[in-house]
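Chemist: Quick one, fold the following:
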Amino acid sequence: MITSKDNEQLKTIRKLQDRRWRDKLGLFVAEGEDLVEAGWQPEFVLRAGEDVEPDLLADVSALGSGTRVIGVYRQHWSEPGGRLSVYLHGVGDPGNVGAIVRTAHALADGPVVLGPGCADPWSPKAVRASMGSIFARPPARGEPVGNLLALDPSAERELGEVPAEPPLVVCLGAEREGLPEGIGGERARIPIDGPESLNVAAAAAIVLYELRNRMARHG
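Modeler: Numbering: from 1, shown residues only. Coordinates of the predicted model:
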């Protein structure tokens with residue numbers, strides 16, 4: 001039983017709250033029983049009341065009191081590809097990145113590819129938002145590979161009017177800034193009433209659901 005805050009495993013968990021240490025060590029933290037059970041082989045796992053005093057685990061947690069288990073894992077990265085995948089550019093909110101990883105796992109067969117300016121997918125908030133999908137379908141880094149479809153609220157054509165030929169990569173940018181002009185072959189918008197734009201995670205879910213169903217109908 002760990003009884004000292006100076007324990008090396010607790011020190012490692014503290015460090016991994018900082019992206020610089022996550023990048024340097026190639027590790028990340030997952031908190032909660034569901035996430036730890038979904039994970040691959042951990043570097044180590046600490047359970048409150050079994051491996052470590054509960055107060056000490058809470059002190060290193062991003063969630064605070066009530067944390068019962070924390071696992072430390074090595075980062076894995078996928079390669080871009082698949083019939084349907086997602087490319088993100090400048091999506092800086094880790095909750096959105098994690099939610100899109102989860103959505104892509106459910107609706108696409110390729111990974112989320114992270115471009116410049118994206119939040120760290122291995123941050124505690126992104127890992128929680130992925131609900132375990134970060135383990136089942138790790139993200140990729142680099143350039144999108146395939147036929148590019150850029151989501152653009154100002155595009156002339158609606159989503160249903162553009163071709164969906166695999167391998168298809170849905171390109172999404174930050175809600176305010178959008179995508180640079182050089183990204184994406186086809187550009188399309190989601191027809192909506194009311195707000196000028198949708199949250200990027202909500203937009204990803206709509207587009208992937210539509211495109212998956214259309215690709216399934218046409219083989």
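
Chemist: what about the longest helix in the protein?
Modeler: When the chain is parsed with DSSP state H, its longest helix is helix 200-217.

Chemist: Who are the packing partners of that helix?
Modeler: Applying 3 or more CB pairs under 8 Å, 6 or more residues apart in numbering; DSSP states H and E, we find helix 200-217 packed against strand 84-89, helix 94-107, strand 147-151, strand 168-173. Where you see a C-beta, it was placed from the backbone N, CA and C, and this is true even at glycine.

Chemist: Wasn't Gln17 part of a helix?
Modeler: No - assessed with DSSP: H, G, I helix; E, B strand; the rest coil, Gln17 is coil; it does not lie in a helix.

Chemist: Now it. Its backbone dihedrals?
Modeler: Here is the backbone geometry of Gln17 (degrees, to the nearest 10): phi -70, psi -20.

Chemist: Quick check, Tyr87 in contact with Pro167.
Modeler: No - counting by CB atoms under 8 Å, Pro167 is not a contact partner of Tyr87; they are 11.7 Å apart.

Chemist: Compare neighbour counts for the two and give me the winner.
Modeler: Tyr87 (29 against 17; other CB atoms under 10 Å).

Chemist: Check what pLDDT the more buried one gets.
Modeler: The model reports Tyr87 with a pLDDT of 97.

Chemist: ditto for the one 3 residues further on
Modeler: According to the predicted model, the pLDDT of Gly90 comes to 94.
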